[in-house]
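What shape does this take:
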Amino acid sequence: MTAAIKTHDSHFSPPVQIINARVTYKNSPIHLLEKFAFKDVDAAHRAFIENAGVDECVILQTCNRVEVFASAKSPDRAKIVGQWAATLSLGGEDLESVQVDAGKDAVVHLLKLTSGLDSLVVGEDQIIGQVRRAFEYSKSNRYASANLGVVFDRALKVGSRVRNATGINKGNVSIASIAVNLADEYVDDLKAKKVMLIGSGEAASLVAKVLKKRGVDFMITSRTYDRARSFSETVAGTPVPFDTALGMFHKVDLIFVASTAPYFLIPYDRMEAAMKGRKGAIMIFDLSTPRTVDERVASIHGVKLVNMDQIKELVEKNMRSRMKEVQSAEKIIDSEMGAMEGMMKRLKGEPVIVSVFKSVDAIRERELKKALSKLAKNSTPEQARIVEQLSYAIVEGILATPMNYLRKEIEGGSENEELMKTVAKMFRYEDEKRQ
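Below is the predicted model:
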């Protein structure tokens, strides 16, 4: 299979290679992203491990990305992307959207991901929870173990540190959140007000979720009552027939309009009639594109109209504030990469070091048994215990210094392959692996 796969290499050389293949909002529209989503995530994990030559695997899926993280001694990029294509019956043209990073680039990407730097909304908090759940799923099902464990554990800590040390997640940058916040500032006791939401699409859904989270009851209406009823069952709100809702403007305190109607849902004449004889004020948020509230209603006494342009201005202001924190976040990530590389390098030597201790311990145990058998008639259980402790102390005393030196050599960046090979050969580590 031939595909234009975008790749980035580096000289980072952990004990096994970390690799990431992804399709995100950055280079793929929603309809293409959906093609790459795995319907059976469990089966997808197994397929990558069984058929793509990887030892560990974590799959992350959100509305803005589908990513596969894997580890292997010599990962085959083509096999990983090919398995993805085979699982979902994707064509060659589709695969042009796949980006593959390996080594340090893959790890840096994960750190930026958990820190919110790679999100559509910079600094958003949802992604760190999504990464955590994806990793925990893989770990609990034994698709991820030591190597990805080191990387993901550290990445999640870095994501939390970035949010605690910077203001990258401060300030609302969601249109729905800002609209509800403005409403809360404008009225007293939002929960006690009569609130109406007009619309049943994605924008309306976002507003509904914010209202629900704040514990605000609201009516939901749409041009088709079935849509309003379905919306109330799947999202929130009390469904109201459209015609009935239009006749209730004199009773409500807040109206959120998030619709794609090609005409004014709240015309000037209707709102003018609704305000006659009304004592209290009403606040209207027009979150529609194009606008579905006649701008002239803002001139009616007692009507406060907030349109999309005003809200977008606040969104951009908050977004600019977050972007100032990106540089601080990147400095944290750079400093953490040093620690990450050290941890990964240390893992490189651990199998050899563990094997050395096992090999020497086998000799210790064998010789201990010989000694105890000779002393059996003339020694007490307490004396036998002292001899056994002595054997442990001798092994630890002899091996501790050279093994700690080996760890430091590896973690310090020397990457002394010859030293590793010599130690492995001395203690027959290579022979052990072949058995």
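
The residue nearest in space to the middle of the chain is in what secondary structure piece?
Geometric centre of the chain, nearest residue: residue 131, 3.1 Å, by CA atoms, centre = their mean. Assigned by DSSP states H and E, residue 131 belongs to helix 126-140.

Now tell me what touches the helix or strand following that helix from outside.
Later in the chain than helix 126-140, the nearest helix or strand by DSSP H and E is helix 146-165. Contact partners of helix 146-165, identified using CB atoms under 8 Å, 6 or more residues apart in numbering, comprise 14-16, 18, 55-58, 69-71, 107, 110-111, 113-116, 123, 125, 127-128, 131-132, 135, 138-139, 144, 168-169, 328-329, 332-333, 336, 339-340, 343-344, 347. Placement of C-beta: from N, CA and C, glycine included.

buried set for helix 146-165?
147-152, 154-156, 158-159, 161-163 (16 or more other CB atoms under 10 Å).

same check, this time on stretch 108-123
108-119, 121-123.

Max pairwise distance over these: which two?
108 and 121 (20.4 Å; CB to CB).

ok, back up a step: without its sequence neighbours, what residue ends up closest to the residue nearest to the centre of the chain?
Once flanking residues are discounted, residue 131 sits nearest to residue 114: 5.3 Å by CB to CB, 6 or more residues apart in numbering.

show me the contacts for that neighbour.
Residue 114 makes contact with 127-128, 131, 155-156, 158-159, 162 under the criterion CB under 8 Å, 6+ apart.

and if you look at residue 109?
With contact taken as CB under 8 Å, 6+ apart, residue 109 is in contact with 20, 22, 101, 118.

again with residue 198
Shown in contact with residue 198 (CB under 8 Å, 6+ apart): 204, 221-222, 245, 255-259, 265, 292.

and with 7 Å instead?
221, 245, 255, 257, 259, 265 (CB atoms under 7 Å, 6 or more residues apart in numbering).

residues near the last one, how many?
When neighbours are counted by other CB atoms under 10 Å, residue 265 registers 22.

quick revisit: which one of the buried residues of stretch 108-123 is nearest residue 96?
Here the nearest of these to residue 96, counting by CB to CB, is residue 109; it sits at 19.0 Å.

Assumed the closest one was part of a helix.
Yes: checked against DSSP: H, G, I helix; E, B strand; the rest coil, residue 109 lies within a helix.

And it, how close does it get to residue 42?
Computed as CB to CB, to the nearest Å, the residue 109 to residue 42 distance reads 24 Å.

Likewise for residue 154?
With CB to CB as the criterion, residue 154 and residue 42 are 26 Å apart.

How about the contacts made by residue 199?
Going by CB under 7 Å, 6+ apart, residue 199 touches 222, 257-259.

let's see 6 Å
258-259 (CB atoms under 6 Å, 6 or more residues apart in numbering).

Number of residues surrounding residue 187?
So residue 187, with other CB under 10 Å, has 18 neighbours.

ok, now how distant is it from residue 283?
For residue 187 relative to residue 283 (CB to CB), the value is 7 Å.

now do residue 239
Residue 239 is 22 Å from residue 283, by CB to CB.

Select from the buried residues of stretch 108-123 every entry located in strands.
Among those, no member falls in strands (DSSP state E).

Out of these, which one has the weakest pLDDT?
Looking at those by pLDDT, the weakest one is residue 121, with 75.

how much space between it and residue 359?
54 Å.

where's residue 200, which helix or strand?
Here residue 200 is covered by no helix or strand, with elements defined by DSSP H and E.

Was I right to think it contacts residue 226?
No: with contact defined as CB atoms under 6 Å, residue 200 and residue 226 do not form a contacting pair (9.5 Å).

Looking at those two, which one has more neighbours?
Per other CB under 10 Å, whichever of residue 200 and residue 226 has more neighbours is residue 200, with 27 against 10.

The stretch 201-350 of the chain: strands as residue ranges?
Using DSSP state E, counting those that start in this stretch, the strands assigned to the stretch 201-350 of the chain run over residues 219-221, 238-239, 254-257, 282-286, 303-307.

pLDDT at residue 15, what is it?
On pLDDT, residue 15 comes in at 53.

swap that for residue 378, sorry
79.

again, but for the one 10 residues further on
Per-residue confidence (pLDDT) for residue 388: 89.

Give the helix, strand or coil label for the residue lying closest to it once chain neighbours are set aside.
Nearest non-adjacent residue to residue 388, counting by CB to CB, 6+ apart: residue 368, 6.1 Å away. State at residue 368, reduced to three classes by three-state DSSP: helix.

Can you report how many residues lie near residue 368?
Count around residue 368 with other CB under 10 Å applied: 17.

and residue 370, how many neighbours does it have?
9.

what residues are up against residue 218?
195, 197, 211, 237.

would you turn the residues you listed into a markdown table with distance to residue 298, pLDDT and neighbour count?
Listed next are the contacts of residue 218 as a markdown table, based on distance: CB to CB, whole Å; pLDDT from 0 to 100; neighbours: other CB atoms under 10 Å:
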| residue | distance to residue 298 | pLDDT | neighbour count |
| --- | --- | --- | --- |
| 195 | 20 | 97 | 23 |
| 197 | 20 | 98 | 30 |
| 211 | 23 | 96 | 26 |
| 237 | 26 | 96 | 25 |
